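**Q** Sequence and predicted structure below; questions after.
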Amino acid sequence: MAKLQVAIDLLTTEEALALAAKVAPYVDIIELGTPLIKNMGSSVITAMKNAHPDKLVFADLKTADAGELEADIAFKAGADLVTVMGAAGNATIIGAVKAAKAHGKGVVVDTIGYPDRVKRAQEVTELGVEFVELHAGLDEQWTAGYSIQVLIDEAARAGVPVSIAGGVNIDNITAVIKAGAQVAVAGAAIYGAEDPAAAAKALREAIDAV
Ligand SMILES: O=C([C@H](O)CO)[C@H](O)[C@H](O)COP(=O)(O)O
């Protein structure tokens, strides 16, 4: 069964915990967004894991260097999964995987900005990562002509475990899952909704219906 990941791109621990409390019954993975971690530090990771020990806490570090060191900081704080940039060198990804193995946790590679996301996904899977995020970041989503269809097409031909992030919502989540994504990441579709719990519930039901 595919997983639902809520991406919390809010800026304070208080707001993040309040959102997570509303949507936790419907999600498998709670992602602490990069801006949130930069604003609050690793304490937000600890606060979220303490509040939701039964969920996978995903620290979207977007590490570009010092992979082992940065991953170790997040795992010690309570993260279950951390992100490393696909554009980073393999040594950085290997370092983060080393830290993950030491803690019994996992690494996700984020392909944001990478020219050939599928090729990189296949390469880094060999390095022992949990899965690869086929990701169009917020800036790319706000560029004229953007469509999530490009990520859906990539997932269908990746042949390795992937998630999709970049504007997942109730209108496209069925296609995301049918393309083979093991995890659907939804940020604004949940935290920007008038009723985040109802939005998360609808996404969960759409996944379960596939
Ligand atoms: O990872 C993300 C982005 O880089 C900002 O941190 C988002 O959480 C990710 O793109 C999912 O958010 P939505 O596109 O709003 O669903």
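**A** Looks like it arrived, so ask away.
**Q** drop to CA atoms for contacts and neighbour counts, all remaining ones
**A** Noted.
**Q** and the helix or strand hosting Glu70, which residues are buried?
**A** Element membership of Glu70 [criterion: DSSP states H and E] is helix 67-77. Counting neighbours by 16 or more other C-alpha atoms under 10 Å, one finds that the buried residues in helix 67-77 are 67-68, 70-72, 74-75, 77.
**Q** Pick out the most distant pair among the residues you listed.
**A** Gly67 and Ala77 (15.6 Å; C-alpha to C-alpha).
**Q** part of a strand, is Leu134?
**A** Yes: assessed with DSSP: H, G, I helix; E, B strand; the rest coil, Leu134 lies in a strand.
**Q** Mind checking what secondary structure the nearest residue to it once chain neighbours are set aside has?
**A** Distances taken as C-alpha to C-alpha, 6 or more residues apart in numbering place Ile164 nearest to Leu134, at 4.9 Å, with adjacent residues excluded. Under three-state DSSP, Ile164 falls in the strand class.
**Q** Quick check, pLDDT for Ile164.
**A** Looking at Ile164, its pLDDT reads 98.
**Q** and it, what is it in contact with?
**A** The neighbourhood of Ile164, defined by C-alpha atoms under 8 Å, 6 or more residues apart in numbering, consists of 133-135, 151-152, 155, 176, 181, 183-185.
**Q** Keep only these that also lie close to the ligand.
**A** Among these, the residues lying close to the ligand (C-alpha under 6 Å from any ligand atom) are Val185.
**Q** now the contacts of Ile164: which count as buried?
**A** Buried members of the contacts of Ile164, counted by 16+ other C-alpha under 10 Å: 133-135, 151-152, 155, 176, 181, 183-185.
**Q** Turn these into JSON lines, columns for pLDDT and secondary structure.
**A** Putting these into JSON lines (pLDDT from 0 to 100; DSSP: H, G, I helix; E, B strand; the rest coil) gives the following:
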{"residue": "Glu133", "pLDDT": "98", "secondary structure": "strand"}
{"residue": "Leu134", "pLDDT": "98", "secondary structure": "strand"}
{"residue": "His135", "pLDDT": "97", "secondary structure": "strand"}
{"residue": "Leu151", "pLDDT": "98", "secondary structure": "helix"}
{"residue": "Ile152", "pLDDT": "98", "secondary structure": "helix"}
{"residue": "Ala155", "pLDDT": "98", "secondary structure": "helix"}
{"residue": "Val176", "pLDDT": "98", "secondary structure": "helix"}
{"residue": "Ala181", "pLDDT": "98", "secondary structure": "coil"}
{"residue": "Val183", "pLDDT": "98", "secondary structure": "strand"}
{"residue": "Ala184", "pLDDT": "98", "secondary structure": "strand"}
{"residue": "Val185", "pLDDT": "98", "secondary structure": "strand"}
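**Q** out of everything not next to it in sequence, what's closest to Leu56?
**A** Leu56 sits nearest to Ile29 (C-alpha to C-alpha, 6+ apart), 4.7 Å away.
**Q** Quickly note the distance from the one you found to the ligand.
**A** 12 Å (C-alpha to the nearest ligand atom, to the nearest Å).
**Q** does that residue really touch Ala20, like I thought?
**A** No: if you go by C-alpha atoms under 8 Å, Ile29 and Ala20 don't touch, sitting 10.2 Å apart.
**Q** circling back to that earlier point, which positions are bridged to the residue nearest to Leu56 in the beta structure?
**A** Gln5, Leu56 (DSSP bridges).
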